[in-house]
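**Q** Provided below for reference: sequence and predicted model.
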Amino acid sequence: MVANSCLLITRPEPQASQLASKLSSAGYRAICQPLFTYESKDKISHLQSLLSSNNQPILIFVSKAAVDFAEQTLPINQWSASHCIAVGTATRDALNSYGVQQVITPEYHDSEGILALPELSHIDGQSIIIVRGNGGRELIAQQLSERGATVTYFESYQRKWLTLPKDTASNWLEQQVKAIWITSNAILESVVQLTEDNDNYWQNTCLWFVASERIATNAKQLGLKHVVCTHGASDTVFINALNKLELINDR
């Protein structure tokens, strides 16, 4: 990358600014453009009902935000569970910070990685609570139900999508954005939609870092030519991927 070029962070706040600060310390210039904000969703009464009606459930947390908003609803170290599973290291670290130390994390930080865990191979009759935001993939619940588990959701937060100006992508070009960090298919599709009215720079030249193979497949189907899969959504994983590719030569 040439001098004065930069990276675009699409995560919501405060994660976006936290990552931008780490990137700055590592010698990279970044700008933040969150596409949505978070707000709480399901209430404590619903959570208490789930916990009381499911004896020693397996808890699956699918994002750091899910952990943070669940903790605001009811301290997680008060939840009774047989196992606690986090989709990735950032989610695990959030659970650890709230006093939950015994956390299982899959090798690959996505739904498929969770489903491959040995703790979920023999679960006939087992209660499972998936803690997530509103909507999202149904693969985990579908597969675990087919294995005989009783699966319910606690949606601790919901996304509120932002309406961005039509010239947003043009502004990114002016700031010499050369790479974009994408952590979900919903974010990917929103960013691609924002860039539709520009020339083919975003498809043919820009470098797209994505957090999973599933997002990478979708990105390529959308016509993006330069896609790098980091196999994880943590800040450390992203920065390591940048360093590995030596994106910026003049720091």
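**A** Structure received.
**Q** Was I right to think residue 41 contacts residue 135?
**A** No: in this structure residue 41 lies outside contact range of residue 135 using Cβ atoms under 8 Å: 10.5 Å. All C-beta spots, glycine's among them, are computed from the backbone N, C-alpha and C.
**Q** where along the stretch 1-150 of the chain do the helices fall?
**A** 15-25, 44-53, 64-73, 89-97, 111-115, 139-146 (DSSP state H, counting those that start in this stretch).
**Q** Mean neighbour count, those helices: which tops it?
**A** By mean neighbour count, with neighbours taken as mean count of other Cβ atoms under 10 Å, helix 64-73 ranks first of the helices of the stretch 1-150 of the chain at a mean of 21.
**Q** Summarise which helices and strands that helix is packed against.
**A** Helices and strands touching helix 64-73, by 3 or more Cβ pairs under 8 Å, 6 or more residues apart in numbering; DSSP states H and E, are strand 36-40, helix 44-53, helix 89-97, strand 127-133, strand 150-161.
**Q** and the last one, what other elements does it pack with?
**A** Counting contacts by 3+ Cβ pairs under 8 Å, 6+ apart, strand 150-161 packs against strand 36-40, helix 44-53, helix 64-73, strand 127-133, helix 139-146.
**Q** tell me the mean pLDDT over the first one?
**A** Summarised as a single mean, pLDDT over strand 36-40 is 94.
**Q** now what about that strand, what contacts it?
**A** Identification of contacts with strand 36-40 by Cβ atoms under 8 Å, 6 or more residues apart in numbering yields 12-13, 65, 69, 72-73, 133, 156-162.
**Q** Any chance of these in TSV with distance to residue 175 and pLDDT as columns?
**A** Below are the contacts of strand 36-40 laid out as TSV (distance: Cβ to Cβ, whole Å; pLDDT from 0 to 100):
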residue	distance to residue 175	pLDDT
12	20	93
13	19	93
65	27	94
69	32	97
72	35	96
73	38	97
133	29	94
156	34	97
157	30	96
158	30	95
159	25	94
160	25	94
161	22	95
162	18	96
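**Q** Mind checking which of the residues you listed are buried?
**A** Those of these that meet the buried threshold are 12, 65, 69, 73, 133, 156, 157, 158, 159, by 16 or more other Cβ atoms under 10 Å.
**Q** OK, contacts around the fifth one?
**A** With contacts defined as Cβ under 8 Å, 6+ apart, residue 133 is in contact with 38, 41, 63, 65, 66, 155, 156, 157, 158, 159.
**Q** Check the third one too.
**A** By Cβ under 8 Å, 6+ apart, the contact list for residue 69 reads 38, 40, 41, 156, 157.
**Q** same thing but at 7 Å, please
**A** 38, 40, 156, 157 (Cβ atoms under 7 Å, 6 or more residues apart in numbering).
**Q** That'll do, ta.
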